[in-house]
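Please find the sequence and the predicted model below.
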Amino acid sequence: NAGVTQTPKFRVLKTGQSMTLLCAQDMNHEYMYWYRQDPGMGLRLIHYSVGEGTTAKGEVPDGYNVSRLKKQNFLLGLESAAPSQTSVYFCASKGRFYGYTFGSGTRLTVV
Amino acid sequence: DQQVKQNSPSLSVQEGRISILNCDYTNSMFDYFLWYKKYPAEGPTFLISISSIKDKNEDGRFTVFLNKSAKHLSLHIVPSQPGDSAVYFCAVRPGESARQLTFGSGTQLTVLP
């Protein structure tokens, strides 16, 4: 099925560990986004990319890095995980029209 | 400052009745508004949208109303069905040149059989 695929779906990290979340889309979309969802906070933009090789900061970028080496992939990295980064992470992509296509999310717990 | 506010974290409605979900925004320059629906363990999915040049858009049981003078957006679901139980997010495009959406905090709708 065409769409946005996120891996992994679940992960538990210890404080200070690092990890990379992978987002892949097969719709040839230019724009890709990483959001986090926290209770009562809605979806907050972490980083986004408007094309291969470009990235930009969103609303809550601290503690995260991203890379868009290939058009279809958008990676979100946590270099030194903190409990405050416990959240559900959603990747999204956007084509010509305004709406996003979201992945099914990655539930990350940092202990 | 929250640019988009959904002041009701939850809403319960009887099956067959109308559900009204509300969203307030701060900036009159916002030019495009969307609603997304999210089921547990899934990503949000696009539901309906409206441009700032309109005040109403309808798609089946779903209607979105835009009151620009009040900076208020609402989603009406008629009739409500148990399968509509989900979290609903409103989202805005902050301006014509913006490349990202800003989301509200969401409202959990529960439709009771």
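Perfect, I can see it now.

could I get stretch A:61-75 in CSV with only the CA atoms?
Presented in CSV, the C-alpha positions along stretch A:61-75 are these (Å, rounded to 0.1, in the frame of the first residue of the first chain):
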residue,chain,number,x,y,z
PRO,A,61,13.7,21.0,17.6
ASP,A,62,16.0,20.9,20.6
GLY,A,63,17.5,17.4,21.3
TYR,A,64,16.7,16.2,17.8
ASN,A,65,18.5,16.1,14.5
VAL,A,66,17.2,15.1,11.0
SER,A,67,18.6,14.2,7.6
ARG,A,68,17.0,13.9,4.1
LEU,A,69,19.6,12.2,2.0
LYS,A,70,17.1,10.6,-0.3
LYS,A,71,13.7,12.1,-1.3
GLN,A,72,11.8,9.2,0.0
ASN,A,73,13.4,9.0,3.4
PHE,A,74,13.4,11.4,6.4
LEU,A,75,15.4,10.3,9.5
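
Check which residues of that stretch are buried.
Counting neighbours by 16 or more other Cβ atoms under 10 Å in any protein chain shown, one finds that the buried residues in stretch A:61-75 are A:61, A:64, A:66, A:68, A:71, A:72, A:73, A:74, A:75. For every residue, glycine as well, the C-beta is placed using N, CA and C.

Restricted to strands, list the residues you listed.
For these, membership in strands holds for A:66, A:73, A:74, A:75, with DSSP state E as the criterion.

Generate CSV for those, with pLDDT as supplementary columns.
Converted to CSV, these look like this (pLDDT from 0 to 100):
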residue, pLDDT
A:66, 97
A:73, 97
A:74, 98
A:75, 98
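
Kindly report the residues of chain A close to chain B.
When proximity is defined as Cβ under 8 Å from any Cβ of the partner chain, chain A approaches chain B at A:4, A:31, A:33, A:35, A:40-45, A:48, A:50, A:58, A:90, A:92, A:98-105.

What's the local residue count around the residue in chain B positioned nearest to chain A?
When scored by Cβ to the nearest Cβ, chain B has residue B:43 as its residue closest to chain A, at 3.2 Å. As a burial measure, residue B:43 scores 22 neighbours (other Cβ atoms under 10 Å in any protein chain shown).

So it lies in a strand, does it not?
No - using DSSP: H, G, I helix; E, B strand; the rest coil, the assignment for residue B:43 is coil, not a strand.

Spit out the contact partners of it.
The neighbourhood of residue B:43, defined by Cβ atoms under 8 Å, 6 or more residues apart in numbering or on different chains, consists of A:4, A:90, A:92, A:102, A:103, A:104, A:105.

try it again with 6 Å
A:90, A:102, A:103, A:104, A:105 (Cβ atoms under 6 Å, 6 or more residues apart in numbering or on different chains).

swap in residue A:89?
A:21, A:36, A:106.
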